[in-house]
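Chemist: Attaching a predicted model along with its sequence, questions to come.
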Amino acid sequence: MSPDFSSHRLANYSMRQRGSMLLVSIFVILVLGALALTLTQILQDNARSTVYEVYGARTLNAANSGAQRALNEVLGPGSAERCNDATKTFSLPNGGGFSDCEVGIVCRQFDISETSERHFEISSHASCSAAEFIIERSVQVQAKIRI
């Protein structure tokens with residue numbers, strides 16, 4: 001074998017390999033870009049679920065507060081122990097985490113003469129909003145008294 005033949009083979013081999021690093025680097029960039037895009041989507045979904053969890057708890061507390069308020073109006077000290085079937089809507093104070101929350105209350109009553117009891121059914125529906133999120137929760141409470 002002459003030295004010229006092996007150098008010719010080496011030069012021919014390197015000519016065929018030209019540009020392969022460019023393809024490999026483009027492939028690596030695409031894979032890393034897809035990985036970064038997936039990671040960004042996961043982080044956005046995590047942030048969105050945190051908003052739903054926090055505002056879901058706040059909205060549930062707002063619905064519970066509405067039910068407690070209605071129970072106090074119906075059965076509290078100095079009350080007439082009656083409720084009407086009208087729907088009441090009120091906004092909670094902005095302090096304490098209840099900003100942009102509204103609560104609707106429906107109170108129904110019915111008397112059972114056989115047992116001398118008056119039954120109350122209180123439904124409280126709360127809705128809180130945060131940016132593009134609107135979270136709603138409902139609570140239903142039943143109570144009875146002797147008449």
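Modeler: Looks like it came in fine.
Chemist: going forward, measure contacts between C-alpha atoms and count neighbours the same way
Modeler: Will do.
Chemist: Quick one: mean pLDDT for whichever strand or helix holds residue 134?
Modeler: Applying DSSP states H and E as the criterion places residue 134 in strand 133-146. Strand 133-146 comes out with an average pLDDT of 92.
Chemist: wait, what's in contact with the residue sitting nearest the centre point of the chain?
Modeler: Residue closest to the average C-alpha location in the chain (C-alpha atoms, centre = their mean): residue 52, at 1.6 Å. Neighbouring residues of residue 52 by C-alpha atoms under 8 Å, 6 or more residues apart in numbering: 133, 135.
Chemist: Excluding chain neighbours, what is closest to residue 94?
Modeler: Nearest non-adjacent residue to residue 94, counting by C-alpha to C-alpha, 6 or more residues apart in numbering: residue 100, 7.2 Å away.
Chemist: Please name the strands paired to the strand holding residue 134 in the sheet, noting orientation.
Modeler: Here strand 133-146 has these sheet partners by DSSP bridges: strand 117-130 (antiparallel).
Chemist: Can you show me the CA trace of the strand it pairs with as CSV?
Modeler: In CSV, the C-alpha atoms belonging to strand 117-130 read as follows (Å, rounded to 0.1, in the frame of the first residue of the first chain):
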residue,chain,number,x,y,z
GLU,A,117,-91.3,20.2,63.8
ARG,A,118,-90.3,23.0,61.5
HIS,A,119,-87.6,22.0,59.0
PHE,A,120,-85.3,24.4,57.3
GLU,A,121,-83.3,23.8,54.1
ILE,A,122,-80.6,26.4,53.4
SER,A,123,-78.7,26.3,50.2
SER,A,124,-75.7,28.6,49.8
HIS,A,125,-74.0,29.0,46.4
ALA,A,126,-70.7,31.0,46.2
SER,A,127,-68.8,32.2,43.2
CYS,A,128,-65.3,33.7,43.3
SER,A,129,-63.3,35.0,40.4
ALA,A,130,-59.6,35.5,39.8
